[in-house]
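Enquirer: I'll drop the sequence and a predicted model, then ask my questions.
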Amino acid sequence: MATPAPSKKVILSGIQPTNRLQLGNYLGAIKNWVKLQKDFDCHYMAVDLHAITARQDPQELRNNTYTAIALYIASGVDLEHCSLFVQSHVPQHSQLAWLLNCYGYMGELSRMTQYKDKSSKAGANIPVGLFTYPLLMAADILLYDTHLVPVGDDQKQHLELTRDVAQRLNGLYGDDTFVVPEPYIAPVAARIMDLLNPTTKMSKSAVNENGSLFLTDSPADIEKKFKRAETDSGKEIRFDEENKPGVSNLLSIQSAITGESIAAIEARYVNKMYGHLKVETAEIVKQELAPIQKRTQELLGDKAELERILKTGAEKATAKAEVTLRRLHERIGFILR
Ligand code: TRP
């Protein structure tokens with residue numbers, strides 16, 4: 001008899017449906033998600049529960065969540081191979097987050113740099129959720145027996161905390177209570193910078209929107225934004241993040257989309273001008289995004305179909321999450337219903 005194929009490792013990731021998704025989310029995260037789905041058992045979500053740690057306009061939050069899901073699918077997230085869902089559709093996330101609230105420590109949460117940063121900007125009334133945010137993220141991860149979490153630098157500390165909490169519970173309730181997750185470092189991780197401020201990361205919530213390229217931007221906007229992109233003094237086109245952050249960013253964008261090496265791209269630009277680089281980068285981005293935007297619009301035009309997809313995703317996720325949650329309830333000493 002043939003030996004059964006080893007089961008795939010579990011990957012989980014989420015993006016907050018705040019504001020509109022931008023090119024950095026696509027090249028840094030979503031494009032990678034698509035690559036991983038063949039080799040791993042993938043779970044991707046729109047983390048709306050995390051989003052409300054900052055005030056959201058209800059209509060905007062709803063639209064952004066629909067659009068985010070549509071963009072994931074349009075970008076190639078394959079529903080046959082992954083589970084794709086909205087965090088609030090799976091109540092076990094909130095339930096496990098409460099339990100973890102009773103095992104995470106004030107001290108370790110106080111050390112989270114993202115909390116320190118965000119709470120210092122929140123004014124007098126800091127929502128408690130901003131403080132416990134990493135434990136909700138830990139719940140997201142631990143519910144699915146996740147082995148690997150693709151994370152950027154800004155989330156490494158939260159993943160470290162997830163590991164600590166998982167190990168703490170394993171110590172109390174047995175080693176097989178939770179799988180202790182590891183970070184997944186992508187072989188080539190694209191780090192896309194702001195077009196006007198190329199030393200800071202491109203963000204959904206930049207002060208000046210012209211520095212961010214949103215995935216829903218029109219072709220004319222894409223051209224305009226690249227035309228205005230900050231380039232550096234001098235005129236040589238080469239990759240040098242220290243001295244030429246703007247030019248380097250455009251080269252990174254091209255490379256992340258086409259898969260061509262930076263060196264090969266540089267070679268094409270010998271004796272060319274910054275203008276060429278900007279126009280051609282805009283062209284490459286437009287071509288990459290055009291079919292994604294078209295498919296996104298089709299999906300958004302058929303809400304019934306989108307809702308059916310979300311229902312299936314939520315059911316698949318719930319079934320798995322419930323097993324983990326019951327396991328923990330039982331070990332903690334709750335009477336199972
Ligand atoms: N906190 C993450 C961010 O802001 C989003 C997130 C929530 C997440 N839950 C997660 C990422 C679980 C990975 C795994 O980027």
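Expert: It's in.

Enquirer: What parts of this structure come near the ligand?
Expert: 12-14, 16, 47, 50, 137, 140-141, 149, 155 (Cβ under 6 Å from any ligand atom). For glycine as for every other residue, the C-beta is placed from the backbone atoms N, C-alpha and C.

Enquirer: Quick one: which of those is the most crowded by neighbours?
Expert: For the residues of the chain next to the ligand, the largest number of neighbours (other Cβ atoms under 10 Å) sits with Ile141, at 30 neighbours.

Enquirer: any idea how far Lys225 is from Cys82?
Expert: Noted for Cys82: a distance of 31 Å to Lys225, by Cβ to Cβ, to the nearest Å.

Enquirer: thinking again about what came up before, I'd like the residues of the chain next to the ligand written out as JSON lines, with pLDDT and secondary structure added.
Expert: Listed next are the residues of the chain next to the ligand as JSON lines, based on pLDDT from 0 to 100; DSSP: H, G, I helix; E, B strand; the rest coil:
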{"residue": "Leu12", "pLDDT": "97", "secondary structure": "strand"}
{"residue": "Ser13", "pLDDT": "96", "secondary structure": "strand"}
{"residue": "Gly14", "pLDDT": "94", "secondary structure": "strand"}
{"residue": "Gln16", "pLDDT": "92", "secondary structure": "coil"}
{"residue": "Val47", "pLDDT": "97", "secondary structure": "coil"}
{"residue": "His50", "pLDDT": "97", "secondary structure": "helix"}
{"residue": "Met137", "pLDDT": "98", "secondary structure": "helix"}
{"residue": "Asp140", "pLDDT": "98", "secondary structure": "helix"}
{"residue": "Ile141", "pLDDT": "98", "secondary structure": "helix"}
{"residue": "Val149", "pLDDT": "97", "secondary structure": "strand"}
{"residue": "Gln155", "pLDDT": "92", "secondary structure": "helix"}
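
Enquirer: so where is the stretch 151-300 of the chain shaky, pLDDT-wise?
Expert: Along the stretch 151-300 of the chain, the parts satisfying pLDDT under 70 run over 188-189.

Enquirer: Of all residues in it, which one is closest to the ligand?
Expert: Closest to the ligand within the stretch 151-300 of the chain is Gln155: 5.2 Å, counting by Cβ to the nearest ligand atom.

Enquirer: Can you tell me the SS state at Ser203?
Expert: With DSSP: H, G, I helix; E, B strand; the rest coil as the basis, Ser203 sits in coil.

Enquirer: How many residues are close by it?
Expert: 17.

Enquirer: need the contact list for it.
Expert: 22, 24, 194, 212 (Cβ atoms under 8 Å, 6 or more residues apart in numbering).

Enquirer: Could you say which helix or strand holds the second one?
Expert: Spelled out, that is Gly24. Using DSSP states H and E, Gly24 falls within helix 23-25.

Enquirer: residues of stretch 207-216 that come out buried?
Expert: By neighbour count with 16 or more other Cβ atoms under 10 Å, stretch 207-216 contains the buried residues 209, 211-216.

Enquirer: roughly how far out does it sit from the chain middle?
Expert: Stretch 207-216 sits 17 Å away from the centroid of its parent chain (Cα atoms, centre = their mean, to the nearest Å).

Enquirer: now for stretch 134-151, what's the gap between its first and last residues?
Expert: This stretch, stretch 134-151, spans 13 Å end to end (Cα to Cα, to the nearest Å).

Enquirer: try stretch 101-109
Expert: Across stretch 101-109, the terminal residues are separated by 10 Å (Cα to Cα).

Enquirer: which residues of the stretch 51-200 of the chain fall in strands?
Expert: Residue ranges of the strands in the stretch 51-200 of the chain, as given by DSSP state E, counting those that start in this stretch, are 82-86, 148-150, 182-184.

Enquirer: Let's have the ones you listed in TSV, adding distance to Phe239.
Expert: Shown next, in TSV, are the strands of the stretch 51-200 of the chain (distance: least, Cβ to Cβ, whole Å):
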stretch	distance to Phe239
strand 82-86	33
strand 148-150	24
strand 182-184	25
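
Enquirer: Would you tell me which of the ones you listed gets closest to Glu280?
Expert: Closest to Glu280 of those is strand 148-150 (Cβ to Cβ; 29.2 Å).

Enquirer: Out of the buried residues of stretch 207-216, list just those in strands.
Expert: Within the buried residues of stretch 207-216, no residue falls in strands by DSSP state E.

Enquirer: As CSV, those with distance to Ser255 would be great.
Expert: Shown next, in CSV, are the buried residues of stretch 207-216 (distance: Cβ to Cβ, whole Å):
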residue, distance to Ser255
Glu209, 25
Gly211, 20
Ser212, 19
Leu213, 16
Phe214, 21
Leu215, 19
Thr216, 23
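
Enquirer: How about the contacts made by Thr324?
Expert: 92, 96, 142-145, 178.

Enquirer: if we can go back for a sec, relative to Ala46, how far out is the residue of the stretch 151-300 of the chain closest to the ligand?
Expert: 16 Å.

Enquirer: What of Lys244?
Expert: Distance of Lys244 to Ala46, given as Cβ to Cβ: 36 Å.
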